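Any chance you could fold what I've pasted below:
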Amino acid sequence: MFRRGLPFRSPVRFLEFLNPMLQRILGEANQAFEAEDYNTAAERYSRLAERAVIRGKPRAGNWMIKAGQASVLNGAREAGMRQIFKGMEMLRSQGRQRDLGRYAWRTIDLFNSKGLKAEAQSVSDWIKGNSPEAEVDRSFVQGTESRTNSRQRLPVKCPSCGAPVHPQTVDWADNGQAACAYCGCLLPEG
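Residues are numbered from 1 along each chain as shown. A predicted model of the protein is given here:
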């Protein structure tokens, strides 16, 4: 008698790719952020984060932090900082200390590059007070970049959602391939 084996589980389930509608919204948010249309980017990222929270998706924290970054850059600093802290708390409560450190570093770096020193310091203070075990220093980032270069050359943008790809924020799948931190798409070698 012929017995069927376990069904093949594709990496799509493992990485929880987005449905096409959310993929489109994420692409629009990423394009708006890159074009410095922070109002549109904040609205799109907020919508994604709210839907992800309702559905219990792990990427809700990532999108909440991006919504906060866009809000702060758009001038709504108080509301944006609340979103950033909420997103970081989501990552912390999920036990994603490594991701928390990476996103905090990217936020601090972004705010410093835009001259928003007080906001960058607020993020740093939040990490020190709420999650001191999260690594946010430059040695962490430099170590990540050297591991990334030895593993895979990454594209500049995600081919699926258009998000900028940073060695500090990609997720690594079990097979050693990088995945976009925003949509979960496996990244081709760049």
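
Three-state assignment for the most centrally placed residue in the chain, please.
Residue closest to the mean C-alpha point of the chain, counted by C-alpha atoms, centre = their mean, is Asn62 at 4.0 Å. Classification of Asn62 by DSSP: H, G, I helix; E, B strand; the rest coil places it in helix.

Spatially nearest residue to Glu89, not counting backbone neighbours?
Nearest residue to Glu89, sequence neighbours excluded (C-beta to C-beta, 6 or more residues apart in numbering): Asn130, at 7.4 Å. The C-beta positions use only the backbone N, C-alpha and C, and glycine is treated the same way.

What's the local residue count around that neighbour?
If you count neighbours by other C-beta atoms under 10 Å, Asn130 ends up with 13.

how about it, what does it touch?
By C-beta atoms under 8 Å, 6 or more residues apart in numbering, the contact list for Asn130 reads Met88, Glu89, Arg92.

contacting residues around the residue nearest to the centre of the chain?
Asn62 touches Gly87, Leu91, Asp99, Tyr103, Ala181, Tyr182, counting by C-beta under 8 Å, 6+ apart.

any idea which of those is closest to Asn30?
Closest to Asn30 out of the contacts of Asn62 is Tyr182 (7.2 Å), distances taken as C-beta to C-beta.

count of residues packed around the closest one?
Residues within reach of Tyr182, counting by other C-beta under 10 Å, total 28.
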